[in-house]
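Asker: show me how the following folds:
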Amino acid sequence: MPYTGVNVRKLPTSDSADLATLTAGRSYQAYCWAHGQTVTDNGYTNDVWIAFADGYSSAVYFKGDEYAGLPASAEC
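Answerer: Numbers count the residues shown, from 1 in each chain. The predicted structure is shown next:
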């Protein structure tokens, strides 16, 4: 669940095409996580990106641990 609005990108990098925006406080179906571009924001730094049906969002913007609550074994 994102704690702020967050973009869904085609690839796990902030330079990739913006496909959608996830709304803060809503739950979304995540499939797995992948390493991508390192993102630093709000005092957090992480290179984990959460995979959704359409693309990826940086885990920095999600509640939970470094994998946004996904199991460490759920790597894409």
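
Asker: could you use CA atoms for every contact and neighbour count after this?
Answerer: Will do.

Asker: need the longest strand for this structure.
Answerer: Longest strand in the chain, counting residues (DSSP state E): strand 32-41.

Asker: setting aside sequence neighbours, what's the nearest residue to A30?
Answerer: Closest residue in space to A30, ignoring its immediate chain neighbours: F52 at 4.9 Å, by Cα to Cα, 6 or more residues apart in numbering.

Asker: what residues does the one you found make contact with?
Answerer: Q29, A30, Y31, C32 (Cα atoms under 8 Å, 6 or more residues apart in numbering).

Asker: just checking, the second one touches I50?
Answerer: Yes. Between A30 and I50 there is a contact at 6.6 Å, judged by Cα atoms under 8 Å.

Asker: let me see the ranges of the strands in the protein.
Answerer: Using DSSP E, strands in the chain cover 6-9, 18-22, 32-41, 44-51, 56-58.

Asker: among these, which is the most enclosed?
Answerer: Burial of the strands of the chain is given as mean neighbour count (mean count of other Cα atoms under 10 Å); strand 56-58 ranks first at a mean of 30.
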